[in-house]
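Q: build me a model from this:
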Amino acid sequence: MPIEKTLILMLCSLFLVSTVMAKEPDWTNYQTVLTQIKVGVKNKIALMQVDYLAIKNNGSLDKAYQQLSAFNVEQLSNRQQKLAFYINAYNILALKMVADHWPTESIKDVGGLFSPVWDKPAGVLAGKTVTLGEIEHKILRPMAEPRIHLAIVCASVSCPDLRNEPYTAKQLDDQLDDQTRRFLNNQGKGLRLENNVLRISKIFDWFEQDFKVYGGVAAFIKRYKTDLPAVKIKSNLNYDWNVNSK
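A: Take a look at the predicted model:
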C-alpha cells in the first residue's frame with residue numbers, strides 16, 4: 001500500500017476515534033422536562049416554576065435521569081463539555097431529589113441538621129453514587145467558572161432559574177452570560193437598588209472567593225450591569241428556600 005494512502009487511512013482512523021470519544025449526552029429527555037417548566041410568581045418573586053408531581057408521574061424526569069446516569073463521562077474531552085454536563089447533572093439530580101420526596105416545602109427539608117440534603121445520595125453518575133455537594137464543590141467549583149452559581153439550581157425560589165434548554169459545550173459561554181443577566185435583572189432574586197444601597201443575592205457572599213477570577217463580586221456585577229450607580233453593595237437580599245414549585 002502506498003505510504004500516502006496509509007497516512008490518509010491513519011489520519012481518518014484517528015479522526016473517527018476522537019469523534020467517538022468526544023461526545024456529549026443526548027439531552028432529549030431532559031429537554032422534555034424543561035418544556036414543562038413555566039414562568040410564574042411565588043412569594044412575590046418571578047421565577048420558572050416546576051410541577052414536580054407532573055414530571056414525576058409522567059415519567060419524563062426518570063427518563064432524563066436514566067439517560068444521564070447511563071452516560072460514560074470519559075467521553076467528555078474538554079472543559080466546556082465537562083462544565084455543561086455537570087451543570088445539567090446537578091439540575092437534574094436536584095429536581096429528582098425534590099420529586100423523590102414530594103411533597104416537600106423545601107429541598108432542605110429532605111435533609112436535617114446533622115445530615116444536610118447536599119450530602120445525601122442524589123443519584124448515580126458513571127456507576128458511582130454522588131451528592132449535590134460533591135458535584136458543586138468537588139467538580140464544578142474547581143473549574144474556576146463562577147458563572148456556574150447562576151446556572152445550578154437548588155430547587156428553591158431564590159435560586160437562579162432553570163433554563164428552557166440544556167447546557168451544551170458549544171453554547172455554554174452564551175448561555176452562562178444570559179443566565180447571569182437574567183439573574184441580575186430579577187429584582188427579587190439577583191439585584192435590587194434600594195435606598196442608595198445595591199442589595200444583591202447572598203450567593204455572591206457564600207461564593208465570594210470564586211468571583212475573584214473576575215476581579216471580585218463588584219467587578220463581576222458591573223461587567224453585566226454597566227449602568228449601575230456608585231453605591232454601597234450588600235449581599236443581603238432575602239433568600240427564599242421554599243421549593244420552586246407551582
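Q: list the residues that contact Phe183.
A: 150, 160-161, 189-191, 201 (CB atoms under 8 Å, 6 or more residues apart in numbering). Heads up, the C-betas are built off the backbone N, CA and C, glycines and all.
Q: where along the protein do the strands fall?
A: Using DSSP state E, the strands of the chain run over 38-42, 45-49, 121-125, 128-131, 191-194, 197-200, 232-234.
Q: quick one: average pLDDT of the first one?
A: Same thing as strand 38-42. The average pLDDT within strand 38-42 is 97.
Q: strands paired with that strand, and their directions?
A: With DSSP bridges as the test, strand 38-42 is paired with strand 45-49 (antiparallel).
Q: related to what we said a few turns ago, with distance to His137 as extra columns, can I get the strands of the chain in JSON lines?
A: Below are the strands of the chain laid out as JSON lines (distance: least, CB to CB, whole Å):
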{"stretch": "strand 38-42", "distance to His137": "28"}
{"stretch": "strand 45-49", "distance to His137": "25"}
{"stretch": "strand 121-125", "distance to His137": "13"}
{"stretch": "strand 128-131", "distance to His137": "9"}
{"stretch": "strand 191-194", "distance to His137": "25"}
{"stretch": "strand 197-200", "distance to His137": "22"}
{"stretch": "strand 232-234", "distance to His137": "25"}
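Q: list the contacts for the spatially most central residue of the chain?
A: Ranked by distance to the mean C-alpha position of the chain (CA atoms, centre = their mean), the top residue is Ile152 at 2.4 Å. Contacts for Ile152 (CB under 8 Å, 6+ apart) come out as 87, 90-91, 94, 136, 140, 160.
Q: out of those residues, who's nearest Lys63?
A: Comparing these against Lys63 with CB to CB places Asn91 closest, at 15.1 Å.
Q: what about the spatially closest residue to that closest one that is not a sequence neighbour, how many residues close to it?
A: Once flanking residues are discounted, Asn91 sits nearest to Val153: 5.1 Å by CB to CB, 6 or more residues apart in numbering. Per other CB atoms under 10 Å, the neighbour tally for Val153 reads 21.
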